[in-house]
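Undergrad: pasted the sequence and its predicted model underneath.
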Amino acid sequence: MINLNEYGWNLSHETNWDDIKDGLKMKKCTPGRVTLEHKRMYRVVTAEGEWLSVCSGAMQYEADERRDFPAVGDWVAVEKMPGEERGIIHDILPRTSLFSRKSAGTMISEQIIAVNIDIVFLVMSMNKDFNARRLERYLVAAYDSGASPVVVLTKKDVCDDPSYYIEEARNIAMGADVFAVSNVTGEGIDELTALLDGGKTAALLGSSGVGKSSLTNAIYGGETMFVQDIRDDDDKGRHTTTHRELVKIPGGGVLIDTPGMREFQLWDNSESLDSGFKDVEAFTNSCKFNDCQHNNEPGCAVQEALATGALPEDRYASYLKLQKELAFLERKMDAAARSEERNKWKKITKSMRNHPSKKK
């Protein structure tokens, strides 16, 4: 028997299971956690074993959007197929957190990165690949997910001036913990591992080559993820992890490793923008007028902070850029929703016109 507590099962999930299990009695379902997703097939760990599973036909028929399908980290109601190590997923338990981004490209769609996570390890390397603007994006998405962000700075063993990167990260990630680690020497790894005590689940987010898979191996205490070297010319890494996978840590806790993401577009995170820019929020709230546009109005605390250097110009520019990006996304989503609604009613009208009862 597999102990699901080691995979993050807790009282909250137990309560959610009690709420839905009566409706699943006829299907003989058991709770399980999705550890791997690949083209709408899922590896699900249950108390009885691990099963390669698919969604039921009814579940697929009723799905309207990406969130209606399971993702890595989900707790699901799964039924074992007789005589096989395979399963059918009938339902998804309520999620405690959801980390997502806009899918790469021009299509307006959501890509779910991980769900039911307690902590997001925002991983950046202390070399030329350190990107303050990318870290700001990660933080906004992390706050919106419902999980706690933790900044992890890797490659401390080969960095000449770790204090520079630590200070930069702390100035950006106000209120969030910042750890500098080395996957080679093991420095800082014990502190990160301690955050997973009590069956916590953490997801790793970062671009290629920052050391996410090496970090997973270091926390795991052995080789569990394939690792590739970074390029010498620009400190950027090749893609190592090609899929999202949930890994149980022997000492307790769970890690979800994710593919490297150099492009990270926010997904409907407007309410969490201020959480990622607490310094900007503090200045905007100190303006003389509530409707201040932060241009040339008298008593504008933002313009005063920019003039004195209390608010760096590049940080404020990044804030405005993300604000515009989210506003654009909201407009596109509204337009797409209206278009979808029109198409739905066109189909209904056409169906009614073609219905036999309407014909003479």
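TA: That came in fine, so what should we check first?
Undergrad: what strand or helix carries the most centrally placed residue in the chain?
TA: Centroid-nearest residue in the chain: residue 99, 2.6 Å away (criterion: C-alpha atoms, centre = their mean). In this structure, residue 99 sits in strand 98-102 according to DSSP states H and E.
Undergrad: tell me where the stretch 1-150 of the chain has helices.
TA: Under the criterion DSSP state H, counting those that start in this stretch, the stretch 1-150 of the chain contains helices at 11-20, 57-62, 132-145.
Undergrad: need the winner for burial among the ones you listed.
TA: Most buried of the helices of the stretch 1-150 of the chain, by mean neighbour count (mean count of other C-beta atoms under 10 Å): helix 132-145, with a mean of 22. C-betas here are computed from N, CA, C, even on glycine.
Undergrad: show the average pLDDT along that helix.
TA: Averaging pLDDT along helix 132-145 yields 83.
Undergrad: circling back: wait, isn't the residue nearest to the centre of the chain in contact with residue 143?
TA: No: applying C-beta atoms under 8 Å, one finds residue 99 not in contact with residue 143, separated by 10.4 Å.
Undergrad: pLDDT weak spots in the protein?
TA: 25-26, 101-110, 222-243, 259-272, 274-275, 328-360 (pLDDT under 70).
Undergrad: quick one, domains of it?
TA: Split into domains by automatic domain parsing, the chain comes to 4-92, 98-257.
Undergrad: quote the end-to-end distance of the first one.
TA: Using C-alpha to C-alpha, to the nearest Å, the span of domain 4-92 from its first residue to its last is 16 Å.
Undergrad: residues in contact with the longest strand anywhere in the chain: which ones?
TA: Taking DSSP state E as the criterion, the chain has its longest strand at strand 30-38. The contact list for strand 30-38 (C-beta atoms under 8 Å, 6 or more residues apart in numbering) reads 4, 7-9, 13, 17, 42-48, 50-51, 53, 70-80, 87, 93, 243-247.
Undergrad: quick check: residue 149 touching residue 174?
TA: No: counting by C-beta under 8 Å, residue 149 does not reach residue 174; the two are 10.7 Å apart.
Undergrad: so the two - more neighbours on which side?
TA: Taking neighbours as other C-beta atoms under 10 Å, residue 149 and residue 174 compare with residue 149 leading, 23 against 13.
Undergrad: check contacts around the closest residue to that one other than its chain neighbours.
TA: Leaving out its chain neighbours, the residue that sits closest to residue 149 by C-beta to C-beta, 6 or more residues apart in numbering is residue 142, at 3.7 Å. Neighbouring residues of residue 142 by C-beta under 8 Å, 6+ apart: 99, 120, 122, 148-149, 205.
Undergrad: can you give me the distance of residue 142 to residue 118?
TA: Applying C-beta to C-beta, to the nearest Å, the value for residue 142 to residue 118 is 12 Å.
Undergrad: overlap in contacts, the two.
TA: Joint contacts of residue 142 and residue 118 (C-beta under 8 Å, 6+ apart) are residue 148.
Undergrad: what about residue 210, which SS state?
TA: Three-state assignment for residue 210 (DSSP: H, G, I helix; E, B strand; the rest coil): coil.
Undergrad: could you give the number of residues near it?
TA: 29.
Undergrad: gap between stretch 295-312 and the chain center?
TA: 34 Å (C-alpha atoms, centre = their mean, to the nearest Å).
Undergrad: show the end-to-end separation of that stretch, please.
TA: 16 Å.
Undergrad: skipping its backbone neighbours, what lies nearest residue 71 in space?
TA: residue 112 (4.3 Å).
Undergrad: right, and the one you found touches residue 70 too?
TA: No: the criterion here is C-beta under 8 Å, and residue 112 misses it with residue 70 at 9.3 Å.
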